[in-house]
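Colleague: Have a look at this prediction, sequence included:
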Amino acid sequence: MLQVSDAEAIIFNLVQPLDQKWDREVVTLLTAIDRILAIPVTSELDFPHWDNSAMDGYAVRYDDVKGANKEQPTALEIAFEIPAGVKPLRPLKSGQAARIFTGAVMPEGADTVVMQEQTQIEGDRVLILEAPKNQEFVRHRASFYQAGEQLLPPGITINPAEIAVLAAAQCREVTVYRRPRVAILSTGNELVAPDELLHMGQIVDSNQYALAALVAQIGSEPVPMGIVRDRPEYVKKAISQAISIADVVLSSGGVSVGDYDYIDKNLEQLGATIHIRAVGIKPGKPLTVATFPKPKTKQRVLYFGLPGNPVSALVTFWRFVQPALRKLSGLTHNWQPKFVLARSCNDLTSDGKRESYMWGQLHLVNGKYEFLLAKGNSSSGNLINLAQTNGLAVLPIGQTHVSAGEQVQVLQIN
Ligand code: AMP
Ligand code: MG
């Protein structure tokens, strides 16, 4: 059977990131949060825009004050004042100081700022009590960024810090990648929607909601397509509808070896290339990955046939679909799954035959990660103890045991 790392490599290779030229849209600055920048941003402005003071104090000529000390202070005439936001009135002459405030523009002729704490007022003069360093407390024009250079590269997530940079560069609109569209199908004769009456033997379609939430959480657009009954003609119709509107299709259920598992057969009949039919992962072994050509483009629709078991569906999403979607979204870095080494608080066991994923909570305790296994029954049919999961401990093939107190790799989710 295909191992997890091989399946991962196949999937990530199949992902074609959105097209930088065509798959983009312009959004306003405030709505750009969490979006992915599609084009490099440059600015016509230097940062700082002009030489300015980093302190409240006095703008001076270094040569005038380089010999100052407490015993023999240098006295300078206070010639004028420069509040923040104001252009200096005139150049500073030798023997003069200009009262200046943080962020205010340095006057012509001045090259250094003496902080207020090292001065003393004496009538209309200021005494410099200590020699500053040459050019001290001056933020020089373009010392942070030079106009025309790249300010932000494409392929990064726009977080609040990037919003600040964009605002400072007066970008009121931002070009970002469009959100990938992800169609979601639930298959099963036993499924009912959450607002329907639950008869004996039926199960609520939680996967539709879980998957829509997972997709939305990473910034893609979920397109919930409802429940599809286990009849080949219905399944085929639903899949062909889904591939016609989406970049990625997620179905759950119908991929194991049961009599009603039609997904793979229908994918083949619809002309898909099937790349993966099962993966040595627990939970989540029945996992189908296929691609369809997108009409009139060089792109492909990526199809994930996830297992129906709610826990298996989520685990396979976190392990394979989430990074794939992040790569597809245009992210150039940090789309890969993130693993950390943690100290397990519990004994963890596996049969060692498949790579096993155990859900629970990852905590930072005194700067070190700890993994706490979810309480209760760890069956892939038990959705209930999945609540509050933020990490999956991984036992590789061949490893049957991790004792409490030992280190374990944990896949970080969210
Ligand atoms: P399947 O892979 O179709 O054999 O489904 C495996 C198990 O997952 C069965 O117990 C199903 O009832 C359950 N299941 C399938 N689809 C869903 C769903 N959308 N929401 C919740 N449970 C599901
Ligand atoms: Mg089923």
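Modeller: Cool, the structure landed. Numbering: from 1, shown residues only. Ligands and ions are numbered 1, 2, ... in the order given.

Colleague: Next one, pLDDT for Glu221 please.
Modeller: Among the per-residue scores, Glu221 shows a pLDDT of 98.

Colleague: Could you do the one 4 residues further on as well?
Modeller: Here the pLDDT value assigned to Met225 is 98.

Colleague: Can you tell me what sits against the helix or strand hosting it?
Modeller: Assigned by DSSP states H and E, Met225 belongs to strand 221-228. Strand 221-228 has contacts (Cβ atoms under 8 Å, 6 or more residues apart in numbering) with 179-188, 191-193, 205, 208, 211-213, 215-216, 234-235, 238, 241-242, 245-246, 251. (C-beta placed from N, C-alpha, C; glycine too.)

Colleague: if we go to 6 Å?
Modeller: For strand 221-228, the external contacting residues (Cβ atoms under 6 Å, 6 or more residues apart in numbering) are 179, 181-187, 191, 205, 208, 212, 215-216, 234-235, 238, 242.

Colleague: do stretch 165-179 as well
Modeller: 18, 23-29, 32, 35-36, 38-39, 43, 151, 220-221, 330.

Colleague: What is the subsequent helix or strand relative to the helix or strand bottoming out on mean pLDDT in the chain?
Modeller: Lowest by mean pLDDT, DSSP states H and E among the helices and strands of the chain is helix 263-269, with a mean of 94. Toward the C-terminus, helix 263-269 is succeeded by strand 273-276 as the next helix or strand (DSSP H and E).

Colleague: mind listing what the residue nearest the centre of the chain touches?
Modeller: With distances taken as Cα atoms, centre = their mean, the chain has Thr157 as the residue nearest its mean C-alpha position (5.6 Å). Under the criterion of Cβ under 6 Å, 6+ apart, the contact list for Thr157 reads Ile36.

Colleague: Let me know the distance separating it from Met106.
Modeller: 36 Å (Cβ to Cβ, to the nearest Å).

Colleague: Count the neighbours of the residue of the stretch 301-414 of the chain found nearest ligand 1 for me.
Modeller: Ligand 1 sits closest to Gly308 of the stretch 301-414 of the chain, with a gap of 2.4 Å, by Cβ to the nearest ligand atom. Neighbours of Gly308 under the rule other Cβ atoms under 10 Å: 25.

Colleague: Run through the residues of the stretch 101-250 of the chain sitting next to ligand 1.
Modeller: Taking Cβ under 6 Å from any ligand atom, the part of the stretch 101-250 of the chain that reaches ligand 1 is made up of 186, 188, 190-191, 203, 205-208.

Colleague: For stretch 331-345, which residues meet the burial criterion?
Modeller: 331, 335, 337, 342-345 (16 or more other Cβ atoms under 10 Å).

Colleague: JSON lines please, covering those residues and showing distance to Asn13 and secondary structure.
Modeller: Listed next are these as JSON lines, based on distance: Cβ to Cβ, whole Å; DSSP: H, G, I helix; E, B strand; the rest coil:
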{"residue": "Leu331", "distance to Asn13": "16", "secondary structure": "coil"}
{"residue": "Trp335", "distance to Asn13": "13", "secondary structure": "coil"}
{"residue": "Pro337", "distance to Asn13": "15", "secondary structure": "coil"}
{"residue": "Ala342", "distance to Asn13": "29", "secondary structure": "strand"}
{"residue": "Arg343", "distance to Asn13": "34", "secondary structure": "strand"}
{"residue": "Ser344", "distance to Asn13": "32", "secondary structure": "strand"}
{"residue": "Cys345", "distance to Asn13": "37", "secondary structure": "coil"}
